[in-house]
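**Student:** here is my input; please provide its structure:
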Amino acid sequence: MSKRILMVEDTEDNRQIVRDLIATTEYELIEAADGAAGVVAAAAEKPDLILMDIQLPVIDGYEAARRIKADPALRHIPIIAVTSYALSGDEAKALAAGCDGYIAKPFSPRQLLAKIRELLS
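**Tutor:** Numbers count the residues shown, from 1 in each chain. Have a look, this model is predicted:
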C-alpha cells in the first residue's frame, strides 16, 4: 500500500507544484485548503505524513499542527511545516507547535522530497 501525504495549502500554485512532485513518486496525495479542513482530513484519512503551510485561512498551520498532535490517534504522524515565513525563530515556533520538520518557501522540490523520504523511511 502506498504511503499517503496530506498537503494543507491554500495557494493553488503551491498545491500544483507539490502535486506535480508527488506524481513522480509512489506516494498518494490528499489535499486540504485551510487549517481547519487539514485537521478534519488528518483525522478522517490518517495520512502517513502532513505537509503544513503556516499562513492558512480559518486556523493557521501552527494551530492545526497543535490540534493534530493533541489527538492521541494522530500524534505519531510527522508534520513538515512548509512556509514562506523564514524569519529567525519561525523554525523553533513550528517545532514547538509539534512540527517534525521545516522547509522554507520557495523550496527546491528535491529538498522537499528528500525530507519526505527521510520522515517516511
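
**Student:** which stretches of this structure form helices?
**Tutor:** Ranges of helices within the chain are 12-23, 35-45, 61-70, 90-96, 109-120, based on DSSP state H.

**Student:** turn these into TSV, columns for mean pLDDT.
**Tutor:** As requested, the helices of the chain are exported to TSV (pLDDT from 0 to 100):
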stretch	mean pLDDT
helix 12-23	95
helix 35-45	98
helix 61-70	97
helix 90-96	90
helix 109-120	94
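
**Student:** single out the most deeply packed of those.
**Tutor:** Mean neighbour count (mean count of other CB atoms under 10 Å) peaks for helix 61-70 among the helices of the chain, with a mean of 21. Using the backbone N, CA and C atoms, a C-beta is placed for each residue, glycine as well.

**Student:** quick one: residues in contact with that one.
**Tutor:** 8, 35-36, 38-39, 42, 50, 52-56, 59, 74-75, 77, 79, 81, 83, 93-94, 97-99 (CB atoms under 8 Å, 6 or more residues apart in numbering).

**Student:** in strands, which of those fall?
**Tutor:** If you go by DSSP state E, the contacts of helix 61-70 have 8, 50, 52-53, 79, 81, 83 in strands.
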